[in-house]
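Asks: Quick one, fold the following:
(chains A, B, C and D)
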There are 2 protein chains.
Amino acid sequence: MRRDVFQAIADPTRRQIIRLTAHESLNLNAVAENFDMSRPAISKHIRILTECGLVIVRQEGRERFCRADLSTLHAVSEFIDPYRKFWSQKLDSLEAYLAKDAKRKRKRSSKKTNRK
Amino acid sequence: MRRDVFQAIADPTRRQIIRLTAHESLNLNAVAENFDMSRPAISKHIRILTECGLVIVRQEGRERFCRADLSTLHAVSEFIDPYRKFWSQKLDSLEAYLAKDAKRKRKRSSKKTNRK
DNA sequence: TAAATTTGTAACCGATCGGTTAAATAATTA
DNA sequence: TAATTATTTAACCGATCGGTTACAAATTTA
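Replies: Numbers count the residues shown, from 1 in each chain, chains lettered A, B, ... in the order given. Model prediction:
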């Protein structure tokens, strides 16, 4: 079953799972708590997300921790980037974001960050 | 029928239609020439694209000219932009693109462009 | 070992998807 | 007016989607 990142992000539940696991690993139950649907339904969504590389699962005992692999979104970026100029206001805000981000990057370059 | 831009771009044919009509208006036949499928199939895709605002149709006699409204993609941009830093190489190339685009914009600011 | 916890799998359901062919509609051309 | 052209609509099709419930499997805890 060929999975595609565009198809994966077409579903709002899956987009929310990506947001939830973007900055921390959550097991399936923790993900499911955020939705009004059964655990098997969430399990299926996570399977689709892993099949296209948008989420990575790490097994730990009987639990499975999910974490978004956001670099996979670059395929979407490649599609929309050539058209950025068509929403220039957003473009400006992105430029501002990039500038801020570059600044932050320089600031942190000496300190070492600890992430689990 | 609630149409959503994420669902609209999930299909590769529709993404191609967006690319084709990004910089020129094409009537349905001209769009269909690019695909190995029937005109009614293309007509349905265009309908989905127009329903979520990704394509605008201008009737001219018996022909209908399609043109992408790329600003609608900002919704997708809002979803992925917070994660840009996770594919930094691409981020760098975007920065380069933005710089080049800004330069080009300045260059053209005096000449007037004619577009139909 | 027995019970509880976490998760996946199987079978099912109705709705939607992406395509088809055939026919209808509307505008243009001969 | 008749024929041609551009397109949409209708009806249909099999496949996939997004959910459910029931059950199985594996790990941890009592």
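Asks: Count the neighbours of A:Thr21 for me.
Replies: 24 (other Cβ atoms under 10 Å in any protein chain shown). Where C-beta positions appear, they are placed from N, C-alpha and C, glycine not excepted.
Asks: and the closest residue to it other than its chain neighbours, what is it in contact with?
Replies: Distances taken as Cβ to Cβ, 6 or more residues apart in numbering or on different chains place A:Ala68 nearest to A:Thr21, at 4.5 Å, with adjacent residues excluded. Listed by Cβ atoms under 8 Å, 6 or more residues apart in numbering or on different chains, the contact set of A:Ala68 reads A:Ile17, A:Ile18, A:Thr21, A:Ala22, A:Leu49, A:Leu54, A:Val55, A:Ile56.
Asks: Looking at those residues, which is nearest B:Phe6?
Replies: Taking Cβ to Cβ as the measure, B:Phe6 sits nearest to A:Ile18 out of the contacts of A:Ala68, at 11.8 Å.
Asks: where's that closest one, which helix or strand?
Replies: helix A:12-20 (DSSP states H and E).
Asks: Please apply the same query to A:Arg67.
Replies: strand A:63-68.
Asks: so how far is the next helix or strand after that strand from its chain's centroid?
Replies: Following strand A:63-68 in sequence order, the next helix or strand is helix A:74-80 (DSSP H and E). Relative to the chain's own centre, helix A:74-80 is displaced by 14 Å; criterion: Cα atoms, centre = their mean, to the nearest Å.
Asks: go on, stretch A:53-67?
Replies: 14 Å.
Asks: so A:Leu73 sits right up against B:Pro82, yeah?
Replies: No: counting by Cβ atoms under 8 Å, A:Leu73 does not reach B:Pro82; the two are 10.1 Å apart.
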